[in-house]
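> A predicted structure for the sequence below; I have some questions about it.
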Amino acid sequence: MFLETLAAAGKVMGEPPSQDTARALQTALVYFRQAAPKHTADEEESLFPRLRGREEAELRSALSTLDRLEKDHETVSPLHAEVERVAEMYLECGSLSASDRQAFRTAVARLQEIYREHIRVEDSTVFPLAARLLSDSDKSAIAQEMAARRKVPLLAIDDAKPSE
Ligand SMILES: [Fe+2]
């Protein structure tokens with residue numbers, strides 16, 4: 001959703017931003033600045049080390065997939081920096097050179113391409129394996145670490161259900 005916001009902004013950067021465009025762009029920038037590093041830490045510090053510690057054959061063969069996902073986290077970092085640099089300049093100056101507009105659109109298109117495949121691999125391979133093979137205590141440790149990263153209290157599943 002936030003990548004689409006960036007892609008939409010990339011189409012109007014020849015003109016000064018409307019209030020809606022400026023607000024949407026700022027929200028997307030904040031999202032990537034704050035949420036993307038947490039996602040990376042969730043996987044690289046909490047999930048992947050626990051998966052790498054397991055002995056199941058199924059997981060041994062998925063290890064290269066984890067390496068690839070980590071590589072993606074590295075690859076997107078300079079692309080996010082480029083998006084941020086150009087977007088901040090646009091918000092400040094209200095216009096951009098054709099080459100900066102092109103750089104922005106190229107970086108966003110590359111991010112869309114990388115994330116599409118990254119999310120597909122997470123959803124189709126890594127998360128189902130983790131759900132099936134990690135112990136309950138590993139899962140709850142991961143949940144606690146993720147909650148701590150976001151500074152939110154960890155609710156028990158039953159607490160999270162709406163009351164009737
Ligand atoms: Fe990831």
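Okay, I see it.

> from here on, contacts and neighbour counts on C-alpha atoms
Fine.

> Need the three-state assignment for the residue nearest to the spatial centre of the chain.
With distances taken as CA atoms, centre = their mean, A36 lies nearest the centre of the chain, 4.0 Å away. Here A36 is recorded as helix under DSSP: H, G, I helix; E, B strand; the rest coil.

> Could you measure from it over to H80?
Distance, A36 to H80, by CA to CA, to the nearest Å: 10 Å.

> again with S99
17 Å.

> These two - which one has more neighbours?
Taking other CA atoms under 10 Å, S99 and H80 do not tie; H80 has more neighbours (18 against 9).

> give me the element that one is part of.
helix 63-93 (DSSP states H and E).

> buried sites along that helix?
Buried residues in helix 63-93, counted by 16 or more other CA atoms under 10 Å: 65-66, 69-70, 72-73, 76, 79-80, 82-84, 86-87, 90-91.

> Kindly report the same for stretch 36-48.
For stretch 36-48, a neighbour-count test (16+ other CA under 10 Å) marks 36, 38, 40-44, 46-48 as buried.

> Where does the prediction get shaky in the protein?
156-164 (pLDDT under 70).

> Okay, helices next: where are they in it?
Along the chain, the segments classed as helices by DSSP state H run 2-11, 19-41, 48-52, 57-60, 63-93, 98-121, 127-133, 136-149, 157-160.

> For the first one, which outside residues touch it?
Spelled out, that is helix 2-11. Contacts of helix 2-11 with the rest of the structure, by CA atoms under 8 Å, 6 or more residues apart in numbering, involve 21, 24-25, 28, 31, 101, 104-105, 108-109, 111-112.

> what angle do that helix and helix 63-93 make?
Between helix 2-11 and helix 63-93, the angle comes out at 40 degrees (axes from the mean of the first three to the mean of the last three CA atoms, to 10 degrees).

> Helix 2-11 versus helix 19-41: what angle between them?
Calculated by the same axes, to 10 degrees, helix 2-11 forms an angle of 140 degrees with helix 19-41.

> now helix 2-11, how far from the centre of its chain.
Mean-position distance between helix 2-11 and its chain equals 15 Å (CA atoms, centre = their mean, to the nearest Å).

> go on, the second one?
Averaging C-alpha positions (CA atoms, centre = their mean) puts helix 19-41 10 Å from its chain's average.

> got the CA positions of that helix in CSV?
Below are the C-alpha coordinates for helix 19-41, written out as CSV (Å, rounded to 0.1, in the frame of the first residue of the first chain):
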residue,chain,number,x,y,z
GLN,A,19,-1.8,18.8,0.5
ASP,A,20,-3.1,15.2,0.0
THR,A,21,0.0,14.2,-1.9
ALA,A,22,2.3,15.7,0.6
ARG,A,23,0.5,14.1,3.5
ALA,A,24,0.4,10.7,1.9
LEU,A,25,4.0,10.9,0.9
GLN,A,26,5.1,11.8,4.4
THR,A,27,3.1,9.0,5.9
ALA,A,28,4.7,6.5,3.5
LEU,A,29,8.2,7.8,4.3
VAL,A,30,7.6,7.5,8.1
TYR,A,31,6.3,3.9,7.5
PHE,A,32,9.4,2.8,5.7
ARG,A,33,11.7,4.7,8.2
GLN,A,34,10.1,3.1,11.2
ALA,A,35,8.5,-0.2,10.2
ALA,A,36,10.9,-1.6,7.7
PRO,A,37,13.9,-1.8,10.2
LYS,A,38,11.6,-3.5,12.7
HIS,A,39,10.6,-6.1,10.1
THR,A,40,14.2,-6.7,9.3
ALA,A,41,15.1,-7.2,13.0
